[in-house]
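J.: structure of the sequence below:
(2 chains)
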2 protein chains.
Amino acid sequence: MMKRTCLLTLTLNEGQKYSKIHMERPIAIFDSGMGGLTVVKEIHSLMPGKNIIYLGDTARVPYGTKSSDVIKGYAKQITKFLSTFNPWVVVVACHTVSSLALNFLKRNFPQLYFIDVVTPSVDESISITKNYRIGVIGTPATISSGKYQKLIKNANPGIKVFSQPCPLFVPLVEEGWIKGDVPEIIAKKYLSGLINKKIDTIILGCTHYPILKKVIQNVLGRDINLIDASEVTGLKVKTFFEKKNMLKYEVEKSPVLYFTDVTKDHKKIINFFWKNHKLTVRRITLENHV
Amino acid sequence: MMKRTCLLTLTLNEGQKYSKIHMERPIAIFDSGMGGLTVVKEIHSLMPGKNIIYLGDTARVPYGTKSSDVIKGYAKQITKFLSTFNPWVVVVACHTVSSLALNFLKRNFPQLYFIDVVTPSVDESISITKNYRIGVIGTPATISSGKYQKLIKNANPGIKVFSQPCPLFVPLVEEGWIKGDVPEIIAKKYLSGLINKKIDTIILGCTHYPILKKVIQNVLGRDINLIDASEVTGLKVKTFFEKKNMLKYEVEKSPVLYFTDVTKDHKKIINFFWKNHKLTVRRITLENHV
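T.: Numbering: from 1, shown residues only, chains lettered A, B, ... in the order given. Presented below is the predicted three-dimensional model:
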């Protein structure tokens, strides 16, 4: 892997309705908000020479408490925007969209190749569990979709799956309360049921959750494996290019980040993910809300 | 006031893009989500004979962490929809919109009469404080707008205002964790600074917060006055009709609730607000997201 020495240009164009950058075929990545930046970071670090565009729907975040209909509508709108860049692959970096709308997107955009965050997490969990007892945590929409449970059962009906929605984890991360008594007491409340089920592996089924990794590991204990979707999804994207024999040396590219809203807090989170980097950040409007 | 004996029709039309009820000139009320139902309940209980329509933008909630531009765009779109009912008055039951977009709405809809939730809360706080030290809590967008601080200072420059954003209160209420150790520890974290400032009055500057009234009162102590915007705003709307001599006896009407998204959890919250009532609930799409 090439050494990362990038110091990218900082361009924040606020208030633009539509601001499109021209680039060679990119990897397109999207999420409901800022959480998908974990996936951007991983993919950029694995393949720094690839163009990456990201869309975070910060004007309508969160998705995890919304209905399947609304989530599908938003995901379709975003994919339509990303498809105009003619991407090699569209990475659905949102567990809620991956759980509820992946087949819907595949039907609506048959010309695009999708990689979601649920499938690689499921594959990894099945390959590392030893006692065949897996936990899944996620947003209410992700958990009630039953997607993880179904995929694991389909692959191995002998595995027992225990799931738990954790709706306060996303606002906790967005508030920046990622250590101390508050996340600890909330994590205990959510996770004590899973500890009783004697799981040996847990899927962090939301892009925000890896930021709470330490708290979750403390509450669950050292013996339980935590699966971070950004890592396994990054590897899957790399394999996609390896198979195409497209992992030759390329000059490092700057990821381009589009958001539907940009506030001071969003800028703080971008900084959290990309310390010492200068990024190209664009704000766009996807809907006719004015 | 007439006795409330209503048992309203339950009609939940999901998936309809546009479903409009014809009614005599109503009171129109809106909020980013479910919180504004506290205002609906108060106004309905004060004037059960008035038609009420409500719009909760549950497909894009919350507003309090979004930018002023985005909030204005959403508020304009909602007001445009509500204006088609030719309402007597539009009640902005969202503190974030009241703080950031009220003048913008007045400029864009000069034919409409607006009552917001910030002004009556400010008036009440000024009239009851004895030591001239007032606290304000709200969403990050509301607090950073500085609206409360400015209105109080304009009315009485001798009053000291201390404010605190409490972003986790909304998801706590939506999770249904309104008593016990979790809300208590979070409330302590947010409110301890205000206790040190020796305030004697606090404005609950978000429609969700009255649901946490007991926890907030416990943490602050019995001596601090809590101002619930739904009560003071309800009285202001009543005064509006009194002045027009329009508070004659009328047969009780059923509030009609429009939402941009309806999930199981939303239905639970509607039940929480309207126990033993059957309501007309409609789902509509305000934007071209499909």
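
J.: how about the residues of chain A near chain B?
T.: A:15, A:58-60, A:65-67, A:69-70, A:72-74, A:76-77, A:140, A:167-168, A:170-172, A:174-175, A:177, A:181-182, A:185-186, A:189, A:260-263, A:265, A:287-290 (CB under 8 Å from any CB of the partner chain). Where C-beta positions appear, they are placed from N, C-alpha and C, glycine not excepted.

J.: and with 7 Å instead?
T.: Residues of chain A found near chain B, taking CB under 7 Å from any CB of the partner chain as the criterion, are A:15, A:59-60, A:65-67, A:69-70, A:73-74, A:76-77, A:140, A:167-168, A:171, A:174-175, A:181-182, A:185-186, A:189, A:261-263, A:265, A:287-290.

J.: which of those are buried? Put it as a ChimeraX command.
T.: In ChimeraX, this line selects whichever of those come out buried by 16 or more other CB atoms under 10 Å in any protein chain shown:
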select /A:59,60,65,66,67,69,70,73,74,76,77,140,167,168,171,174,175,182,186,189,261,262,263,265,287,289
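
J.: those helices in the stretch 151-290 of chain A, which residues are they?
T.: Secondary structure of the stretch 151-290 of chain A, counting by DSSP state H, counting those that start in this stretch: helices at A:169-175, A:181-196, A:213-220, A:229-243, A:264-273.

J.: nearest to residue B:22, out of those helices?
T.: Residue B:22 lies closest, by CB to CB, to one member of the helices of the stretch 151-290 of chain A: helix A:169-175, at 39.6 Å.

J.: can you list contacts of the closest one?
T.: With contacts defined as CB atoms under 7 Å, 6 or more residues apart in numbering or on different chains, helix A:169-175 is touched by A:62, A:64, A:139, A:183, A:186, A:206, A:208-209, A:211-212, B:65, B:167-168, B:171.

J.: for stretch A:264-278, list every residue counted as buried.
T.: A:265-266, A:269-270, A:273-274, A:277.

J.: just name the closest of those to chain B, please.
T.: If you rank these by distance to chain B using CB to the nearest CB, residue A:265 comes first, at 6.7 Å.

J.: state the pLDDT value of the closest one.
T.: At residue A:265, the predicted lDDT confidence score is 82.

J.: residue A:268 too?
T.: The predicted local confidence for residue A:268 is 83.

J.: so how far is residue A:163 from it?
T.: Residue A:268 is 31 Å from residue A:163, where distance means CB to CB, to the nearest Å.

J.: go on, residue A:157?
T.: For residue A:157, the distance to residue A:163 - CB to CB - is 17 Å.

J.: just residue A:61 next, same as before
T.: Distance of residue A:61 to residue A:163, computed by CB to CB: 22 Å.

J.: residues contacting the residue positioned nearest the centre of chain A?
T.: The centroid of chain A falls nearest to residue A:93 when counting by CA atoms, centre = their mean (3.2 Å). Residue A:93 makes contact with A:29-31, A:36, A:39, A:117, A:207, according to CB under 7 Å, 6+ apart.

J.: swap in 10 Å and give it another go.
T.: Residue A:93 makes contact with A:29-32, A:35-40, A:42-43, A:54-56, A:115-117, A:207, A:229-230, A:233, according to CB atoms under 10 Å, 6 or more residues apart in numbering or on different chains.

J.: let's see which of these end up in strands.
T.: A:29-31, A:54-56, A:115-116 (DSSP state E).

J.: in this structure residue A:237 contacts residue A:45, no?
T.: No. Contact criterion CB atoms under 10 Å: residue A:237 and residue A:45 do not qualify, at 11.6 Å.

J.: ok, the one residue in the stretch 1-150 of chain A that gets nearest to chain B to residue A:30 distance?
T.: Of all residues in the stretch 1-150 of chain A, the one sitting closest to chain B is residue A:73 (4.2 Å; CB to the nearest CB). Distance from residue A:73 to residue A:30, counting by CB to CB: 14 Å.

J.: so residue A:61 and residue A:163 - more neighbours on which side?
T.: residue A:61 (26 against 19; other CB atoms under 10 Å in any protein chain shown).

J.: neighbours of the nearest residue to the more buried one once chain neighbours are set aside, how many?
T.: Leaving aside its sequence neighbours, residue A:61 sits nearest to residue A:33 (CB to CB, 6 or more residues apart in numbering or on different chains; 3.5 Å). When neighbours are counted by other CB under 10 Å, residue A:33 registers 25.

J.: got it, and the one 4 residues further on?
T.: The criterion is other CB under 10 Å. On that basis, residue A:37 has 25 neighbouring residues.

J.: try the one 4 residues further on
T.: Counted with other CB under 10 Å, the neighbours of residue A:41 add up to 17.

J.: that one reaches residue A:255, doesn't it?
T.: Yes. Counting by CB under 10 Å, residue A:41 touches residue A:255, with 8.6 Å between them.

J.: which residues do these two both contact?
T.: Listed as contacting both residue A:41 and residue A:255 by CB under 10 Å, 6+ apart are A:52, A:274, A:277.

J.: from residue A:280, how far off is the first one?
T.: Which is residue A:52. Taking CB to CB, one finds residue A:52 at 11 Å from residue A:280.

J.: name the residues contacting each of those two.
T.: Residues touching both residue A:52 and residue A:280 (CB under 10 Å, 6+ apart): A:254-257.

J.: in PyMOL, how would I select just the buried ones from those residues?
T.: Burial among those is assessed by 16+ other CB under 10 Å; the matching PyMOL selection reads:
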select buried, chain A and resi 254+255+256+257
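
J.: now, among the shared contacts of residue A:52 and residue A:280, which is nearest to chain B?
T.: residue A:257 (15.8 Å).

J.: what residue ranges in chain A score low on pLDDT?
T.: Per-residue confidence for chain A (pLDDT under 70) gives these ranges: A:1-21, A:276, A:287-290.

J.: walk me through the domains of it.
T.: Using automatic domain parsing, the domain parsing of chain A gives A:11-117+A:231-283, A:119-229.

J.: quick one: closest of those domains to residue B:147.
T.: Here domain A:11-117+A:231-283 is closest among the domains of chain A (CB to CB), at 16.8 Å.

J.: and the residue of the stretch 101-250 of chain A closest to chain B?
T.: Per CB to the nearest CB, residue A:171 is where the stretch 101-250 of chain A lies closest to chain B, at 4.2 Å.

J.: now the strands for chain A?
T.: So, for chain A - with DSSP E - the strands run A:11-13, A:27-31, A:52-56, A:89-92, A:114-116, A:133-138, A:160-165, A:201-205, A:225-228, A:256-259, A:280-283.

J.: the residue nearest to residue A:61: what's it in contact with?
T.: With contact taken as CB under 10 Å, 6+ apart, residue A:33 is in contact with A:56-63, A:94, A:170, A:174, A:207-208, A:259-261, A:266, A:269, B:65.

J.: tell me, how many residues neighbour the nearest residue to residue A:229 once chain neighbours are set aside?
T.: Excluding the flanking residues, the one nearest residue A:229 by CB to CB, 6+ apart is residue A:117, at 4.2 Å. Neighbour count for residue A:117, taken as other CB under 10 Å: 30.

J.: and the closest residue to residue A:115 other than its chain neighbours, bridged to which residues?
T.: Nearest in space to residue A:115, with sequence neighbours left out and distances taken as CB to CB, 6+ apart, is residue A:91 at 5.1 Å. Note on residue A:91: beta-bridge partners residue A:29, residue A:115, judged by DSSP bridges.

J.: how close does residue A:91 sit to residue A:118?
T.: Taking CB to CB, one finds residue A:91 at 12 Å from residue A:118.

J.: more neighbours, these two?
T.: Higher neighbour count among residue A:91 and residue A:118: residue A:91, with 29 against 26, using other CB under 10 Å.

J.: check contacts around the more buried one.
T.: Counting by CB under 10 Å, 6+ apart, residue A:91 touches A:27-31, A:36, A:39-40, A:43, A:52, A:54, A:82, A:98, A:113-117, A:233-234, A:236-237, A:240.

J.: show me the contacts for residue A:154.
T.: Applying CB under 10 Å, 6+ apart to residue A:154 gives the contacts residue A:122.
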